[in-house]
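Chemist: got a sequence here, can you build the structure:
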Amino acid sequence: MSLGNWLNNKENNSGIAVEYKRGHTWHQITWHEYLNKIVLAGEVLLKNGFNPKQHVGIMSSTRWEWAALDMAILGLRGVTVPMYPNLSDDDLIFIINQSEIKILVVEDEKEYEQVLKVRKKLEHNPILIRFIDIDFDQNVEDVQRNYYLQSCLKIKPKDIATIVYTSGTTGQPKGAVLLHEAIISEVTESFDLFDVKPNFKSLTFLPYAHVLGRIEHWGSCYKGHTLAYAESIEKIKSNLLEVKPDFLIAVPRIFEKVYSGIMAEVETNAIKQKLFSSALAAAKEVQLLRRTKQTIPWGLLLKYEALSKLVFSPIHKAFGGKLLFAVSGGAPLSPQLAEFFSSCGINILEGYGLTETCAAIAVNQPSNNQPGTVGKPIGDVQIKFAADGEILVKSKKCLVEYYKNLEATKASIQDGFFLTGDIGELTDRGFLKITDRKKDLIKTAGGKYVAPQKLEGLVKQDPIISQVLIHGDQKKFVSALISIDELPLKNWADSQQITYSHVADLYQHPALKVRLQKHIQSVNSTLASFESIKKFEIISEPWTVENGSLTQSLKVKRKFLEGKYADTIKEIYD
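Modeler: Numbers count the residues shown, from 1 in each chain. Okay, the predicted model is just below:
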């Protein structure tokens, strides 16, 4: 099986491959039309001197043209090098030089001008193409289509498909080399678990420079369902209502934002709070009885059904009203958040994987979901654990090397197993459970190990909290830096009738500190004493990708933030 097989099967398919919005109108592209657009993208590459095995960069936000170009590159037996559109100049120069990109396709003038600006520092100047230079609406001749499809059929499993650079939190990016067999193994073995039908629809918004986003696209080519492209991250909320997806693939931050919005709305009214709490309690009780296969008292069932329709229906409608399940990956999803959505009737399936494993190596299934775990290993995946609990993985899905980085390759691949850098364990039922990133583990002055991501997930349960950085390495106690979400903060202040001239006034308001202190105490009640958060500081500046505080996959950059707020951290411990 290959990418060529998937597209050959859809050559005369009138089903919808893509939906996208321009202005106020959603447009559709059939599979037959989509194949033609892939062929046209390939023609542009060929006219610019493309040859098999050459490296082609794509520097753009997520859009259907990105996906079509990717399929053109792969089908013509080239190597795709995905790049974020907001790369720093240094990372842009490094990736172009190291990966030896021959052709670079950029989204618009902004990226075009950035490449021109750094051109003198490039070891070999790639041919520059903008998406507007590709006419996706030309007629396609049979000879062009046949050339592309025949090229697809020449792809070999061991051919390099893509070099994906990890965003990382420190140091230069590393290019994970993934083969075609990794893509086929990942896509077929994971999507078969979800029983996705050709008439399904998914709303896609993950960056295609992140391997999980491309798995979603390749999965649509395999299964034949429709990918609807969100206008932007900011418009996901309205796009969900318009698209009405059957399933979603997202990162935890999306679900955290939805949760924050729900809880912020609930907090505006005492009656809403009471109803919501009653509905949630009834739902949790019913779910526990169902999991343990016990009889549900009819009174509890009636209460649950009545409150669910009243309280949880708006949550379902917020996801479009048709959502069967959602897959969460790219970062840890807190068990509390998974349980919350499960109680609301939204089935979130957490998975686990890395760029180096071509996305998921384990995932929960709709019929077998164990919140608090990342599911069972997928397909050919073999897992073992190092003495310190580090997860080691062997699979066709894994990278073969870091491109032109022998030192990193030797450090990460040993005896055929990839060293993930994550600590975990298998439950007695065979589900994989992640404890934390090995390099992120905090060792307190008392010699106790603390998993910061676990604590950060718990603290972020408060809807006005946007991001958290846990600190405490070689310290007597654990502390937290807390970044506040401005909109929920203002809504809360208004509901509490707190007067303020500027939102900045709220960050140091005593009522906010009292609220956060109560929340931290609640979190601490679930923790061992050595991992309890003893002090915290509120950070007024938002943490974003743009200001360098978050990675492209929305994870906190620990070293960067610890350096930036070194004085604040010092004051906490003085």
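Chemist: tell me the mean pLDDT for stretch 136-156?
Modeler: For stretch 136-156, mean pLDDT is 92.
Chemist: try stretch 320-334
Modeler: The model assigns stretch 320-334 a mean pLDDT of 91.
Chemist: quick one: buried residues of that stretch?
Modeler: 320, 323-334 (16 or more other Cβ atoms under 10 Å). C-betas here are computed from N, CA, C, even on glycine.
Chemist: return the closest of these with respect to Ile129.
Modeler: Using Cβ to Cβ, Gly330 is the member of the buried residues of stretch 320-334 that sits closest to Ile129, with 29.2 Å.
Chemist: is that closest one in a helix, a strand, or coil?
Modeler: Using DSSP: H, G, I helix; E, B strand; the rest coil, the structure places Gly330 in coil.
Chemist: quick one: the helices in the stretch 201-350 of the chain?
Modeler: Counting by DSSP state H, counting those that start in this stretch, the stretch 201-350 of the chain has helices at residues 211-223, 236-243, 252-266, 270-291, 298-307, 313-318, 335-343.
Chemist: helices and strands around the shortest one, which ones?
Modeler: Translated: helix 313-318. helix 236-243, helix 252-266 (3 or more Cβ pairs under 8 Å, 6 or more residues apart in numbering; DSSP states H and E).
Chemist: domain assignment for the protein?
Modeler: The chain breaks down by automatic domain parsing into domains covering 3-232, 254-321+323-438, 441-573.
Chemist: for the residue nearest the centre of the chain, which non-adjacent residue is spatially closest?
Modeler: Geometric centre of the chain, nearest residue: Val251, 3.3 Å, by Cα atoms, centre = their mean. Of all residues not flanking Val251 in the chain, Gly330 sits nearest, at 4.1 Å (Cβ to Cβ, 6 or more residues apart in numbering).
Chemist: helix/strand/coil for the closest residue to Ala264 other than its chain neighbours?
Modeler: Of all residues not flanking Ala264 in the chain, Pro488 sits nearest, at 4.3 Å (Cβ to Cβ, 6+ apart). Classification of Pro488 by three-state DSSP places it in helix.
Chemist: coming back round to it: so for the residue nearest to the centre of the chain, what's the pLDDT?
Modeler: pLDDT for Val251: 88.
Chemist: on that earlier part again, any chance of the domains of the chain in TSV, with distance to Leu241 too?
Modeler: Listed next are the domains of the chain as TSV, based on distance: least, Cβ to Cβ, whole Å:
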stretch	distance to Leu241
domain 3-232	10
domain 254-321+323-438	6
domain 441-573	19
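Chemist: just checking, what packs against the helix or strand of the chain with the lowest mean pLDDT?
Modeler: Least confident element among the helices and strands of the chain, by mean pLDDT, DSSP states H and E: helix 3-8 (a mean of 75). Contacts defined by 3+ Cβ pairs under 8 Å, 6+ apart place helix 3-8 against helix 64-75, helix 142-152, helix 180-194, helix 211-223.
Chemist: ok, now with 10 Å
Modeler: helix 31-47, helix 64-75, helix 142-152, helix 180-194, helix 211-223 (3 or more Cβ pairs under 10 Å, 6 or more residues apart in numbering; DSSP states H and E).
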